[in-house]
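Colleague: this one's sequence-less:
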Ligand code: CA
């Protein structure tokens, strides 16, 4: 699945150049030119990396960075800052408010893509835990096994991936679209109804072993894994 890069840059030619380079290198992109809108889009689309310009209308890059780091659902997303400011103090300030890396303008798009790849590798190794756990459910990723209260839960590959997404962020509500992107990928066409079917199977498999209900349905919005589902 192609990683999604959110490019937050108000200078259009610059944003276009970045979009072109990233897409050429096998990434999906989302470009936003305004700070306030950027924060909303990041919350909605949960990109894999944010490329963030320092000077923006609406909210500055530094403010966006700080806000991303304060929000539970998005605080894990790696951020790379674009700064026109070569002074060391400013670069350090970017890192202090939570950026993971920065490049100083003018930069080469090639270098930026390389840095984004490096960030992705790092964030994967942090996320690469072998076990995920919530309530009485334990997921052993390397052995591809799931237990609930110590009893084995038998899941098909799609249900396994769905559970992995849910357990990655317990209580967070995922829309069908989120789940489609994360489990099936952005390149295939799958009907929303398919998501419902697989979530239903996952729910059934978990309940077969032990109650109470863990998969919560939020009508018209989506699903989450939640101990208070009932
Ligand atoms: Ca700018």
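Modeller: Nice, I can see it. Small disclaimer: the values here were computed from a predicted structure and weren't measured. Residues are numbered from 1 along each chain as shown.

Colleague: chain center to stretch 49-67: distance?
Modeller: 17 Å (Cα atoms, centre = their mean, to the nearest Å).

Colleague: can you check stretch 14-33 too?
Modeller: 17 Å.

Colleague: Could you look up the next helix or strand downstream of the helix or strand of the chain with the lowest mean pLDDT?
Modeller: Ranked by mean pLDDT, DSSP states H and E, the weakest helix or strand in the chain is helix 88-96, scoring a mean of 72. Proceeding N to C from helix 88-96, the next assigned helix or strand is strand 101-104, under DSSP states H and E.

Colleague: Helices of this protein, start to end?
Modeller: 12-24, 35-45, 61-70, 88-96, 109-127, 157-168, 176-179, 192-209 (DSSP state H).

Colleague: Up against the ion, what does the chain have?
Modeller: Applying Cβ under 5 Å from the ion, one finds that the chain approaches the ion through 10, 53, 55. To be clear about C-beta, it is placed using only N, CA and C from the backbone, and glycine gets the same treatment.

Colleague: where's the dip in pLDDT among these?
Modeller: For the residues of the chain next to the ion, the least confident position by pLDDT is residue 55, scoring 88.

Colleague: hang on, that residue packs against residue 81?
Modeller: No - using Cβ atoms under 8 Å, residue 55 makes no contact with residue 81, being 10.7 Å away.

Colleague: which neighbours do the two share?
Modeller: residue 61 (Cβ atoms under 8 Å, 6 or more residues apart in numbering).

Colleague: more neighbours, these two?
Modeller: residue 81 (28 against 16; other Cβ atoms under 10 Å).

Colleague: Report the beta-bridge partner residues of that one.
Modeller: Beta bridges link residue 81 to residue 52, residue 102 when assigned by DSSP bridges.

Colleague: Contact partners for the closest residue in space to residue 51 that isn't next to it in sequence?
Modeller: Distances taken as Cβ to Cβ, 6 or more residues apart in numbering place residue 7 nearest to residue 51, at 4.9 Å, with adjacent residues excluded. Counting by Cβ under 8 Å, 6+ apart, residue 7 touches 15, 18, 19, 22, 29, 30, 31, 32, 51.

Colleague: swap the cut-off to 6 Å and go again
Modeller: 15, 18, 29, 31, 51 (Cβ atoms under 6 Å, 6 or more residues apart in numbering).

Colleague: quick one: the last one and residue 78 touch, right?
Modeller: No - because the distance of 9.8 Å does not satisfy Cβ atoms under 6 Å, residue 51 is recorded as not touching residue 78.

Colleague: Which of those two has more residues huddled nearby?
Modeller: residue 51 (27 against 19).

Colleague: Next one, pLDDT for that one please.
Modeller: For residue 51, pLDDT reads 97.

Colleague: And residue 18, by the same measure?
Modeller: Value for residue 18, per-residue pLDDT: 96.
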